[in-house]
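Engineer: Just the structure for this:
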Amino acid sequence: MSHANGSVKAMTRGLPTWAGSVDAETLAQLLALGGERDWLDFKSQCDLSEKRDQVEITKDIGAMMIAGGYLVIGADDHGRAAGEPAHPELFDPAKLHAKVAKYIAGQFELRVGIHQHQDQTFVLIYVAPHPDGLCVFERDGSYPDPVTGKPCLAFRTGQVFARHGTSSESWKQPDIAAIKRRLADDADRGRNQATEALALLKNLPGQLGDSGLWLAVALVPQYQPVNPGRISPDAAQAFLTDWAFASAPVDHFGGGTPTYRQPGGVVIMARAFWHLALGDAGVAAGARCLAYEVAANPVSQDQRWRGLPPKIGDGLTIPTRRDELEYQLEILVDILAAHALRADAGGRAVITAELLVPRPSPKQRVALLNELVDDAGEPTGWHVAGPRAVQALTDVAERLMTIGVPLADMRDVRARLAATYRLAGELLALFAIDEPTLLKEDGTLDPYAAAVERQQIVYQHAQHLGLPVPQVSPADRRQEYEATVRAAKDKLRQR
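Structural biologist: From the prediction side, this is the model:
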């Protein structure tokens with residue numbers, strides 16, 4: 001997979017090109033600098049079980065949010081080993097984030113790596129630039145003086161701190177210009193990420209099957225490793241297996257499919273049904289077939305679209321199930337995010353989705369379908385999902401829908417599903433549908449919004465992910481219904 005901007009990790013002003021990574025190689029490079037910078041703070045010790053150290057590290061983190069930076073715990077001012085950090089387990093990303101969030105509201109990103117280097121443990125913390133350009137402390141940061149017991153105030157509510165040389169201090173007028181420059185640079189990078197995502201999607205049609213309606217998604221992280229490891233075909237297959245075990249998806253990719261290297265990454269594909277391109281540096285794209293043609297008459301070799309209701313079987317209308325669009329989108333976003341995180345990419349990720357047809361015809365249309373059920377929950381067939389749910393192919397295909405999300409948030413199931421909900425909403429709006437139904441805004445899933453044949457699978461998927469589910473599963477509900485029907489029939493026969 002080729003990168004639109006080369007294999008160079010995006011960098012924040014003043015930071016080195018490998019900023020964003022928290023791997024062992026990054027730690028070694030930082031220590032080798034032999035001294036602190038405005039974006040690099042060495043600390044010989046930081047005990048997060050102590051209130052003083054919690055407040056002081058929060059002050060440094062808040063100051064670094066203007067431009068981004070690193071903290072290394074366990075090193076003296078010259079980057080030399082200074083002793084084992086106290087309670088390194090408290091630097092777990094979730095625990096550290098929770099401690100800092102007491103003083104800093106809103107979204108912010110911290111990444112943590114704990115490594116052995118030269119026979120000592122070091123804690124490496126990366127502070128991502130704040131999306132608003134700066135951090136305003138939400139409450140006073142104070143702690144008792146260890147000698148006198150009197151309160152020491154590190155920062156006040158409403159204060160903004162910045163890095164001046166190797167110190168974290170209250171901001172000054174020149175910091176405002178630096179913030180403006182950084183936000184402008186971020187906007188340029190966002191445009192570059194969107195351009196790269198578009199390039200990935202443009203390359204897909206020629207690699208898919210000859211026909212069908214496809215859902216395609218590309219994910220481009222802001223920070224990408226400069227010298228990533230090469231993904232082998234075997235490693236890519238192992239990743240698919242591990243991901244399927246962890247996610248228990250509604251649909252699968254299948255093992256043993258053709259897998260091969262191409263420049264910058266690996267491609268895995270089942271040509272008529274799905275396609276994955278996984279870049280070494282975390283960039284990725286994928287596509288899944290939503291609709292395909294099947295033989296209508298083996299003798300004449302006429303084709304018809306699978307699942308199309310007879311009343312709109314005009315030979316030009318492509319059907320796609322609403323529930324399938326939603327859960328296939330969840331699958332693609334899930335696996336692409338998992339790959340980017342596994343590649344140690346970071347920062348803000350741009351996720352772009354579109355519908356595409358490899359060989360479009362100008363007269364084709366796309367119909368979004370819902371399954372109707374009777375009062376007993378029995379399916380009665382597929383019907384158009386709304387008054388404007390049949391659209392000209394030119395009005396819905398290759399219309400790019402893009403969202404931006406902190407990649408670190410995608411580790412959380414509900415945050416990932418909430419992001420997918422937003423993207424699904426954009427796609428469904430092409431058919432004048434107000435909102436998704438299977439995907440929920442709060443980052444959960446509604447199994448009963450799926451087609452009857454898929455409800456139990458969606459239920460089990462949600463349960464596997466630890467999401468709240470109805471007390472009665474679709475399978476149990478059906479068994480209860482069938483038992484009720486049998487009992488009623490037996491009662492009638494006994495009359």
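Engineer: quick one: the strands in the stretch 1-150 of the chain?
Structural biologist: For the stretch 1-150 of the chain, strands defined by DSSP state E, counting those that start in this stretch occupy the ranges 40-43, 69-73, 110-117, 120-127, 141-144.
Engineer: So for the second one, what gets flagged as buried?
Structural biologist: Going back to what we said before, that points to strand 69-73. For strand 69-73, the buried set under the neighbour-count rule, 16 or more other C-beta atoms under 10 Å, comprises 69-73. In short, each C-beta sits where N, CA and C put it, glycine included.
Engineer: And the last one, by the same measure?
Structural biologist: Applying a neighbour-count criterion of 16+ other C-beta under 10 Å, one finds 141, 143 buried in strand 141-144.
Engineer: outside of it, which residues touch it?
Structural biologist: Residues outside strand 141-144 that contact it (C-beta atoms under 8 Å, 6 or more residues apart in numbering): 51-52, 54-55, 58-59, 103, 150-156.
Engineer: before we move on, what about the third one?
Structural biologist: With contacts defined as C-beta under 8 Å, 6+ apart, strand 110-117 is touched by 20, 22-24, 26-28, 31, 61, 81, 88, 91-93, 96-97, 100, 121-128, 346, 408.
Engineer: run the last query once more with 7 Å
Structural biologist: For strand 110-117, the surrounding residues in contact (C-beta atoms under 7 Å, 6 or more residues apart in numbering) are 22-24, 27-28, 31, 88, 91, 93, 96-97, 100, 121-127, 346, 408.
Engineer: Just the buried residues out of the residues you listed, in ChimeraX syntax.
Structural biologist: Applying 16+ other C-beta under 10 Å to these leaves a buried subset, and the ChimeraX line that selects it is:
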select :22,27,31,88,91,93,96,100,122,123,124,125,126,127,346,408
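Engineer: list the contacts for P406?
Structural biologist: Counted by C-beta under 7 Å, 6+ apart, P406 has contacts 107, 109, 348.
Engineer: switch to 8 Å and redo it
Structural biologist: 107, 109, 128, 347-349.
Engineer: Against W171, how distant is A177?
Structural biologist: Distance, A177 to W171, using C-beta to C-beta, to the nearest Å: 11 Å.
Engineer: Just confirm D446 contacts K440, I think it does.
Structural biologist: Yes: the criterion here is C-beta atoms under 8 Å, and D446 meets it with K440 at 5.9 Å.
Engineer: quick revisit: going by distance to V384, which of the contacts of strand 141-144 wins?
Structural biologist: Nearest to V384 among those is Y103, at 52.5 Å by C-beta to C-beta.
Engineer: Quick check on that closest one: phi, psi?
Structural biologist: Dihedral pair for Y103: phi -110, psi -20, per degrees, to the nearest 10.
Engineer: Surely it is in contact with E138?
Structural biologist: Yes: Y103 is within contact range of E138, at 6.0 Å (criterion: C-beta under 8 Å).
Engineer: Between the two, point out the one with more neighbours.
Structural biologist: Y103 (21 against 14; other C-beta atoms under 10 Å).
Engineer: mind listing the strands for the stretch 251-400 of the chain?
Structural biologist: Using DSSP E, counting those that start in this stretch, strands in the stretch 251-400 of the chain cover 259-262, 265-270, 274-279, 284-291, 293-297, 302-305, 317-321, 346-356, 365-373, 379-384, 390-392.
Engineer: Can you check which of those gets nearest to D434?
Structural biologist: That would be strand 365-373 among the strands of the stretch 251-400 of the chain, by C-beta to C-beta, at 12.5 Å.
Engineer: partners of the closest one, with directions?
Structural biologist: Strand 365-373 has the following strand partners under DSSP bridges: strand 317-321 (parallel), strand 379-384 (antiparallel), strand 390-392 (antiparallel).
Engineer: Of the ones you listed, which stretch is the most buried?
Structural biologist: strand 317-321 (a mean of 22; mean count of other C-beta atoms under 10 Å).
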